[in-house]
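Q: starting from these lines, generate the structure:
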Amino acid sequence: MILKPHPELRVRRFSIGEERAPLLVIDDLVADPGRLVRKAIARHYVAQQSMFPGIRAPAPLSYQAFLQEVLTPLLPAFGLASGSFAFPMAHYSLVTRPPQELAFLQRIPHIDSVSGSGLATVHYLFRGDWGGTAFYRHRRTGFESVGEERREAYFRCLDEESRGGEAPSDGYISGDTALFERIGRVEGVYNRLVVYRRNSLHSGDIDNDRVPPADPTAGRLSINTFIDVSA
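A: Below is the predicted model of the structure:
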């Protein structure tokens, strides 16, 4: 499967919050996103043992090569030099878990890694209003990202808050809460890619009144990757 960039691909650069973490939003990413959706339909999806609230299936290997081609010239935005890409994860993803079944850590923003050099991408492949990706500041610590040096303090604080009166009730986070302040948001637009550091506090922006179906053609389909770049 050969993937080509869309002829009208557009890159916008942003920074998140007071820490000014870099964020890229790339519209019209793939020339034929419908091919990726058709591939998604044929995949076998499984529930996740990780914190992801839904089901996943492997993305095509060619997608990894395509992302490396597109993102390599954009790495300086993250303070990274060109190098080889490794993909700890590259999956089709469908959010399917009802809000009332979420664990505490699924009801708040999360990080994917404490590494400041690791990147995450979300490629939205759904049409309709299934929500995008939001970024947050933890009110008590003021952290917008959690690196190795902040890990112990942050998770100790979270453990205390999980047992307190301000712990979130059932449901996906969507906007400001007693524990977190939303500092940025990217709309989920068909064939849009968002790229950010894996240690930025973030969450899917999910509507608690509608549970997306477990259907690649009608649900909240995306391709999610983790990327490590080495010289």
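Q: drop to CA atoms for contacts and neighbour counts, all remaining ones
A: OK.
Q: residue nearest the centroid of the protein?
A: V122 (5.0 Å; C-alpha atoms, centre = their mean).
Q: excluding chain neighbours, what is closest to that residue?
A: N224 (4.7 Å; C-alpha to C-alpha, 6 or more residues apart in numbering).
Q: if I read this right, the one you found contacts L125, doesn't it?
A: No. Checked against C-alpha atoms under 8 Å, the pair N224 and L125 is beyond contact range at 10.6 Å.
Q: mutual contacts of these two, please.
A: Counting by C-alpha atoms under 8 Å, 6 or more residues apart in numbering, no residue touches both N224 and L125.
Q: neighbour count winner among those two?
A: A count of neighbours by other C-alpha atoms under 10 Å puts L125 above the other of N224 and L125, at 25 against 20.
Q: list the contacts of the more buried one.
A: L125 neighbours (C-alpha under 8 Å, 6+ apart): P33, V37, V189, Y190, N191, R192, R220, L221, S222, I223.
Q: and the pLDDT for it?
A: Per-residue pLDDT puts L125 at 98.
Q: can you tell me which of the contacts of L125 are in strands?
A: Counting by DSSP state E, the part of these found in strands is R192, L221, S222, I223.
Q: most widely separated two among those residues?
A: R192 and L221 (12.0 Å; C-alpha to C-alpha).
Q: so what sits against both of those two?
A: Common contacts of R192 and L221 (C-alpha under 8 Å, 6+ apart): Y124, L125.
Q: so the nearest residue to R56 once chain neighbours are set aside: helix, strand or coil?
A: Distances taken as C-alpha to C-alpha, 6+ apart put S93 closest to R56, at 4.6 Å, once the chain neighbours are dropped. State at S93, reduced to three classes by DSSP: H, G, I helix; E, B strand; the rest coil: strand.
Q: bridge partners for S93, pull those for me.
A: Beta-bridge pairing for S93 (DSSP bridges): R56, S222.
Q: can you pull the contacts of it?
A: Counted by C-alpha under 8 Å, 6+ apart, S93 has contacts G54, I55, R56, A57, R220, L221, S222, I223, N224.
Q: how does it look with 6 Å?
A: I55, R56, L221, S222, I223 (C-alpha atoms under 6 Å, 6 or more residues apart in numbering).
Q: tell me the pLDDT of the residue nearest to the first one when sequence neighbours are not counted.
A: Spelled out, that is I55. Excluding the flanking residues, the one nearest I55 by C-alpha to C-alpha, 6+ apart is A47, at 4.4 Å. pLDDT for A47: 93.
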